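Engineer: Sharing a sequence plus its predicted fold:
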Amino acid sequence: DLVGDGAALMAFRSAVGRFVLPWNTTVSPCRWPGVRCAGDRVFSLRLPGSGLIGEIPAGSLGNLSNLQTLSLRFNALSGPLPGDIAGCKELRNLYLQRNRFSGEIPLFLSSLSSLVRLNLAGNNFSGGIPLAINNLTRLGTLYLEANRLSGEIPELNLPNLVQFNLSFNLLNGSVPSKLRSMPASSFMGMSLCGGSLTPCPGEISSAESPARTASSDAGRKLSGGAIAGIAIGTVAVFLIIVVILVLLCRRKGKSGTSNSVEPKPREAEAALTNRAMGDGFETNGVPPTAKPAYATATKAPASTKQLVFFGNGPRSYDLQDLLRASAEILGKGTFGTTYKAVLETGSAVAVKRLRDGNYPENEFRERIEAIGAMNHPNLVPLQSYFLSRDEKLLVYEFMAMGSLSSLLHGNRGSGRTPLNWEARTDIALAAARGIDYIHSTSSAASHGNIKSSNILLSGSSEARVSDHGLAHLAGAATASNRVAGYRAPEVTDARRVSQKADVYSFGVLLLELLTGKAPTHAVLDEEGVDLPRWVQSVVREEWTAEVFDIELLRYQNAEEEMVQMLQLGVNCTAQYPDQRPAMPAVVARIEEIHFSTIDSGKE
Ligand SMILES: Nc1ncnc2c1ncn2[C@@H]1O[C@H](COP(=O)(O)OP(=O)(O)OP(=O)(O)O)[C@@H](O)[C@H]1O
């Protein structure tokens, strides 16, 4: 019962987490961080990266006889696993990776017949892999990499195994037949043979053998007539190949002539870029204090050229100030290049130099005026613009903390400041409010390009949505891979993005905030993941806690809010637009989740 489970947990805490587990015996164990109950029994204990240290004693976890999930990954637990864990007969998921457990892989694990996932990677387990693992017929995941396992791999026969890794152990010999369909990455860092690795000595590789057998049989049995037939056939094939080669050479000769006239695609692209960039520093590496590339807009007398400002705010700069400003490139995006321009007064603005979209001037002005009229604390304000035949500049307030994308994915090395849970929910809420505002301006209004590089943070860390209104101005469909990861499946024209498609992109952004993974199309970019599909597959497999960014593992108390937010992200990325919530509902839901975090004083 719960009292027994509570005592077992307390025994565990005294041995390995006395100072790090804030478990209060005056409340039910079901409310202790990391503990989940079903009825009056503990069914899940998840304490990843919690600073646990030492040996798990017998008579503690082994008494949690209803436990289904035990996650103690990323701690400093050591010694052998206590044998009484064999009493946790319901255990389905056992995550013990990245600790310091030692000794042999305990035989009792093979009696846990409900196990679906077993992860013992990154420990000091030694000795052989027990053949008795074959008793775990439901096992779908077996990760044993980065231990000190030795000897030969036994004839494992696990019919449901899909995820498997033995890499970086001390194993030798050959890969058993039933495991030969596994990729070479499951056996890295060891000198094994067979399967997708090098063939074992004395074994004929499967690709070679049938051909060899066929030709030797043929040598023995062919009649004289058959040999003559083969000879004639061979000559005919040879002639056909010669004819094809001659034709190909002729054609190449022709196309070679045209190549020498037309530039190669890359050269053409570079030439275009240079033309578009004028004499700026993008292409020649002149330092940031140089005259900005957009300064080429000053061919006519200055008096005829003016910035058009929005709102009633002070006009603290004019076009000449901008042209005199020292500038540095912040980045090149879909619509053009963005510069940080530091004015002589010391203040900074962001200048976006739009690529030529061939818009009629009136239409362009109208659209820019509409963008400038938008006014919301969670939108990056467009302060002014400049329009001439050759040049289109948009001047925005400068957002000193950069983009969410760079905060999440930039500098993951040692000097990194992780984004904490509260900051992430603040950003999610601010971005949602900004998008909701855009949608509120008309039933057809949408942003069209929601992604983490378009969520910017001001000097006081307030998140704002940028680039609003630009997707509808873009001359060509925006098809970059980075954008593709956020795009709703029904969107075919980047200039016609519905509000529900914005909701989809926002859902991907939420998943990005929670997982720390950058969304791209996995097929196009091996580094990226199709976030909605990945999250859904993991959640379906009851691995919910596994999806979160490793930087969020310390916020154990907020796990429930994270799961709620994840659910919202999954809802927003529903395949069919009708199944996605509208933006006002998304805002309301984030507020609910966010304020419950703050009210309960968690963190
Ligand atoms: N107002 C601003 N303040 C500070 N940085 C900005 C501002 N606007 C844009 N940036 C930064 O400048 C860089 C280039 O932005 P830009 O909008 O041109 O392209 P993008 O966001 O990467 O792609 P896309 O054009 O598809 O939205 C990005 O890193 C962005 O974060």
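Structural biologist: Looks like it came in fine. Numbering: from 1, shown residues only.

Engineer: only C-alpha atoms for contact and neighbour calcs from this point on.
Structural biologist: Noted.

Engineer: just for the stretch 351-500 of the chain, where's the confidence low?
Structural biologist: 356-359, 412-415, 474-483 (pLDDT under 70).

Engineer: Can you show me the helices along it?
Structural biologist: 361-373, 404-409, 421-441, 481-484, 499-515 (DSSP state H, counting those that start in this stretch).

Engineer: can you list those helices in a markdown table and add mean neighbour count and distance to Ser181?
Structural biologist: As requested, the helices of the stretch 351-500 of the chain are exported to a markdown table (neighbours: other CA atoms under 10 Å; distance: least, CA to CA, whole Å):
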| stretch | mean neighbour count | distance to Ser181 |
| --- | --- | --- |
| helix 361-373 | 15 | 56 |
| helix 404-409 | 18 | 35 |
| helix 421-441 | 22 | 41 |
| helix 481-484 | 18 | 32 |
| helix 499-515 | 27 | 30 |
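
Engineer: could those go into a markdown table alongside distance to the ligand?
Structural biologist: Listed next are the helices of the stretch 351-500 of the chain as a markdown table, based on distance: least, CA to the nearest ligand atom, whole Å:
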| stretch | distance to the ligand |
| --- | --- |
| helix 361-373 | 14 |
| helix 404-409 | 7 |
| helix 421-441 | 14 |
| helix 481-484 | 7 |
| helix 499-515 | 13 |
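
Engineer: Now render these as CSV, adding distance to Val308.
Structural biologist: As requested, the helices of the stretch 351-500 of the chain are arranged in CSV below (distance: least, CA to CA, whole Å):
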stretch, distance to Val308
helix 361-373, 9
helix 404-409, 29
helix 421-441, 22
helix 481-484, 30
helix 499-515, 29
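
Engineer: To Ile105, which of those helices lies closest?
Structural biologist: helix 499-515 (31.3 Å; CA to CA).

Engineer: The closest one versus helix 421-441: what angle between them?
Structural biologist: For helix 499-515 against helix 421-441, the angle by axes from the mean of the first three to the mean of the last three CA atoms, to 10 degrees is 170 degrees.

Engineer: out of the helices of the stretch 351-500 of the chain, which comes closest to Leu118?
Structural biologist: Across the helices of the stretch 351-500 of the chain, closest to Leu118 is helix 499-515 (CA to CA), at 22.0 Å.

Engineer: Specify the beta-bridge partners of Ala353.
Structural biologist: Actually, residue 353 is Arg rather than Ala. On the basis of DSSP bridges, Arg353 is bridged to Thr337, Leu393.

Engineer: my bad, should have said Val465
Structural biologist: Leu379, Ile455.

Engineer: Show me what residue of this protein gets nearest to the ligand.
Structural biologist: Gly333 (3.2 Å; CA to the nearest ligand atom).

Engineer: Can you give me the neighbour number for that residue?
Structural biologist: Counted with other CA atoms under 10 Å, the neighbours of Gly333 add up to 14.

Engineer: next one: Glu397
Structural biologist: Glu397, neighbours per other CA under 10 Å, totals 16.

Engineer: That one against Pro381, yeah?
Structural biologist: Yes - using CA atoms under 8 Å, Glu397 is in contact with Pro381, at 5.8 Å.

Engineer: on that earlier part again, OK, contacts around the residue of the chain closest to the ligand?
Structural biologist: By CA atoms under 8 Å, 6 or more residues apart in numbering, Gly333 lies in contact with nothing.

Engineer: quick one: it from Lys517, how far?
Structural biologist: Distance, Gly333 to Lys517, by CA to CA, to the nearest Å: 21 Å.

Engineer: Where does Ser78 sit, in terms of helix or strand?
Structural biologist: strand 76-79 (DSSP states H and E).

Engineer: Looking at the residue positioned nearest the centre of the chain now. What's its pLDDT?
Structural biologist: Closest residue to the average C-alpha location of the chain: Lys517 at 2.6 Å, with CA atoms, centre = their mean. For Lys517, the pLDDT comes out at 86.

Engineer: doesn't it fall inside a strand?
Structural biologist: No - counting by DSSP: H, G, I helix; E, B strand; the rest coil, Lys517 is not part of a strand but coil.

Engineer: Report the separation between it and His409.
Structural biologist: 8 Å.

Engineer: Same question for Pro519.
Structural biologist: Taking CA to CA, one finds Pro519 at 11 Å from His409.

Engineer: now Leu47
Structural biologist: 25 Å.

Engineer: and if you look at Arg424?
Structural biologist: Relative to His409, and taking CA to CA, Arg424 is found at 13 Å.

Engineer: Report how many residues lie close to the spatially closest residue to Lys352 that is not a sequence neighbour.
Structural biologist: Nearest non-adjacent residue to Lys352, counting by CA to CA, 6 or more residues apart in numbering: Thr338, 4.3 Å away. Other residues lying near Thr338 total 22 when counted by other CA under 10 Å.

Engineer: Hmm, Arg353 and Thr338 touching each other?
Structural biologist: Yes - taking CA under 8 Å as the definition, Thr338 is a contact partner of Arg353 at 6.2 Å.

Engineer: how about the nearest residue to Asp502, chain neighbours excluded?
Structural biologist: In space, Asp502 is closest to Gly448, 6.1 Å off (CA to CA, 6+ apart).

Engineer: show me what contacts the one you found?
Structural biologist: So Gly448 contacts His468, Gly469, Ala471, His472, Ala494, Arg495, Arg496, Val497, Ser498, Ala501, Asp502 (CA under 8 Å, 6+ apart).

Engineer: In CSV, list the C-alpha atoms belonging to the strand or helix carrying Glu559.
Structural biologist: When elements are assigned from DSSP H and E, Glu559 belongs to helix 559-572. Provided in CSV are the C-alpha atoms of helix 559-572 (Å, rounded to 0.1, in the frame of the first residue of the first chain):
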residue,chain,number,x,y,z
GLU,A,559,7.1,18.3,-15.0
GLU,A,560,3.4,18.4,-14.9
GLU,A,561,3.3,21.9,-16.5
MET,A,562,5.8,20.7,-19.1
VAL,A,563,3.6,17.8,-20.0
GLN,A,564,0.6,20.1,-20.3
MET,A,565,2.5,22.4,-22.5
LEU,A,566,3.7,19.5,-24.6
GLN,A,567,0.1,18.4,-25.0
LEU,A,568,-0.8,21.9,-26.2
GLY,A,569,2.1,21.7,-28.7
VAL,A,570,0.8,18.4,-30.0
ASN,A,571,-2.7,19.8,-30.3
CYS,A,572,-1.5,22.8,-32.2
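
Engineer: That concludes my questions; thank you for your assistance.
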